[in-house]
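Asker: Pasting a predicted model and its sequence here:
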Amino acid sequence: MSEEAIGLVVDFTNQVLESAGLDLKAAAQSGEDGPHIQVRGEDVALLLGRNAELLDALEYLGNRVYARTSSDETRLVFDSGGYRTRREKELRLMAEKAAEKVRASRIPFSFDPMTPNERRIVHLALADDAIVTTESEGNGENRKVTVRPK
């Protein structure tokens, strides 16, 4: 992992945030699963609104910059105030509730469209379930997870 490349990502992110007129600052932080970029400031509500679309967009751009400036294939995780951890717990709970519903009714249940990372969390949450299975359906931004009886 290149500290210099991470520094470039932080600088790039801060330039984007400043250019957008947002009161937010990015800073690098090391985590258990690799480097994290924490974004803090007064405009966190804007960053996390609409299912954290802005945070996801910054993460995408930051990872593109990192890939261009480093030969390392590590994926940077952008977060703000523990949002990613809270969202993962919420998705796991939603997956279990959907599985309960499918087990009882034997009728498939489809979630609203999700990001690839969110779909992955749902798939993993139900991977060991003996009664239901999951599959992704749709294309692009409309891709969603469906829980089906086996």
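Answerer: It's in.
Asker: how close does residue 101 get to residue 94?
Answerer: Between residue 101 and residue 94 the computed distance is 11 Å (CB to CB, to the nearest Å). Any C-beta I mention is one placed from the backbone N, CA and C, and that applies to glycine too.
Asker: hmm, I was thinking of residue 82
Answerer: Distance, residue 82 to residue 94, by CB to CB: 18 Å.
Asker: One more: residue 105?
Answerer: From residue 105 to residue 94 the distance is 16 Å (CB to CB).
Asker: And residue 111, by the same measure?
Answerer: 7 Å.
Asker: what about the most centrally placed residue in the chain, helix or strand, and which?
Answerer: By CA atoms, centre = their mean, the chain has its centre lying nearest to residue 117, at 5.0 Å. For residue 117, the enclosing helix or strand under DSSP states H and E is helix 116-125.
Asker: Which strands or helices does that helix pack on?
Answerer: If you count contacts as 3 or more CB pairs under 8 Å, 6 or more residues apart in numbering; DSSP states H and E, helix 116-125 packs onto helix 83-105, strand 132-137, strand 144-149.
Asker: okay, now the domains of the chain?
Answerer: For the chain, automatic domain parsing gives the domain ranges 3-81, 85-149.
Asker: okay if I get these as a markdown table plus mean pLDDT?
Answerer: Output for the domains of the chain, formatted as a markdown table (pLDDT from 0 to 100):
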| stretch | mean pLDDT |
| --- | --- |
| domain 3-81 | 93 |
| domain 85-149 | 96 |
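Asker: In contact with the closest residue to residue 92 other than its chain neighbours, which residues?
Answerer: Leaving aside its chain neighbours, residue 92 sits nearest to residue 125 (4.5 Å; criterion: CB to CB, 6 or more residues apart in numbering). Residues in contact with residue 125, defined by CB atoms under 8 Å, 6 or more residues apart in numbering, are 91, 92, 95, 96.
Asker: Was I right to think the first one contacts residue 122?
Answerer: Pointing back at residue 91 there. Yes - contact criterion CB atoms under 8 Å: residue 91 and residue 122 qualify, at 5.8 Å.
Asker: Compare neighbour counts for the two and give me the winner.
Answerer: residue 122 (24 against 21; other CB atoms under 10 Å).
Asker: Could you measure from the more buried one over to residue 106?
Answerer: 19 Å.
Asker: Many thanks, we can stop here.
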